[in-house]
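>>> The amino acid sequence is not available; the structure is as follows:
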């Protein structure tokens with residue numbers, strides 16, 4: 001176990017942080033699961049932080065000039081370089097403290113980006129920052145497409161999903177490739193801490209965000225972030241769909257601590273994937289055979305995860 005975790009007892013529903021690094025008054029869509037996830041993560045990390053935000057939904061809805069929803073120092077950077085700027089920020093803090101320019105204290109540097117800014121455009125910068133061992137937290141808020149620019153596909157868009165650039169038609173069925181496994185890419189960098197999380201399981205999410213901040217070195221947190229607009233579901237269904245993603249094994253909850261996989265919520269009797277798909281308009285075009293293929297893929301990936309964790313179904 002990482003020594004920084006020893007004195008952390010975890011948050012409880014009766015004792016949560018009161019401080020709000022990201023305040024109400026933002027301009028997110030009704031029922032946005034992404035801003036809910038970000039708020040929970042930042043409550044756990046706390047006010048002693050500097051946030052580096054890639055272009056994306058969370059940048060747009062929290063910083064429309066001349067207003068801001070941020071109560072901590074916040075830097076907007078280009079789509080591709082949140083991890084690079086976070087690296088520079090972390091290095092600059094070290095130099096300033098060493099030279100006595102600012103007090104010696106730990107400040108959490110947090111980089112955030114959507115799946116486009118993480119799995120696609122910013123992957124090179126993220127890989128470099130993790131390889132160099134910078135002490136920062138990277139949070140991917142995964143809503144499975146480029147939402148703020150019109151719901152275009154990303155490499156995180158799931159197989160079969162409809163987007164504006166992967167539309168179904170006579171010779172297509174939506175997204176034709178499988179979702180990129182970015183947590184596994186992070187694990188391959190031999191960093192101390194990698195985890196998945198969902199706002200539907202808020203204590204699990206907050207505890208993982210705090211662990212990510214406590215660890216010395218790079219930490220990667222991949223958070224499921226439902227999008228009513230792009231996924232075509234009711235604004236009141238964000239948490240229900242987030243729960244179904246876990247209950248069907250579409251989005252398992254696990255952490256990887258110094259290379260050791262731990263499944264945090266093992267689903268012994270998973271619900272059919274079809275229950276998850278039917279709640280979302282982006283999957284309404286799917287035929288029974290495509291749904292069966294998605295079920296096969298989900299089962300296969302979950303079996304791989306079980307083996308990595310040394311468990312059986």
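Arrived safely. None of the values given here were measured: they were computed from a predicted structure.
>>> Show the contacting residues for residue 44.
11, 17, 205, 206, 207, 209, 210, 213 (Cβ atoms under 8 Å, 6 or more residues apart in numbering). Yep, even glycine has a C-beta here, placed from its N, CA and C like the rest.
>>> Please apply the same query to residue 309.
Contacts of residue 309 (Cβ under 8 Å, 6+ apart): 254, 261, 262, 263.
>>> at 10 Å what do you get?
Shown in contact with residue 309 (Cβ atoms under 10 Å, 6 or more residues apart in numbering): 252, 254, 256, 260, 261, 262, 263, 266.
>>> One more: residue 46?
Residue 46 touches 17, 19, 21, 72, 108, 209, 210, 213, counting by Cβ under 10 Å, 6+ apart.
>>> Which of the residues you listed are buried? Put it as a PyMOL command.
Selection of buried members from the contacts of residue 46 for PyMOL, criterion 16 or more other Cβ atoms under 10 Å:
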select buried, resi 21+72+108+209+210+213
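>>> closest to residue 135 among the contacts of residue 46?
Closest approach between these and residue 135, by Cβ to Cβ: residue 108, at 8.9 Å.
>>> Distance of the residue nearest to the closest one when sequence neighbours are not counted relative to residue 114?
In space, and not counting its chain neighbours, residue 108 is closest to residue 49: 4.1 Å by Cβ to Cβ, 6 or more residues apart in numbering. Computed with Cβ to Cβ, to the nearest Å, the distance linking residue 49 and residue 114 is 19 Å.
>>> Also residue 305?
23 Å.
>>> Which one's more surrounded, those two?
Shown here are residue 305 and residue 114; by other Cβ atoms under 10 Å, residue 114 has more neighbours (32 against 19).
>>> Surely the more buried one and residue 61 touch.
No. The criterion here is Cβ atoms under 10 Å, and residue 114 misses it with residue 61 at 11.9 Å.
>>> what is in contact with the two at once?
Common neighbours of residue 114 and residue 61 (Cβ under 10 Å, 6+ apart) are 34, 148.
>>> mind checking pLDDT for residue 65?
The score at residue 65 is 88. That number is its pLDDT.
>>> Ignore what I typed, I meant residue 313.
With respect to pLDDT, residue 313 has a value of 73.
>>> where does the closest residue to it other than its chain neighbours land in three-state SS?
In this structure, residue 313 finds its nearest non-sequential neighbour in residue 306, 6.1 Å apart by Cβ to Cβ, 6+ apart. Recorded secondary structure, residue 306: helix (DSSP: H, G, I helix; E, B strand; the rest coil).
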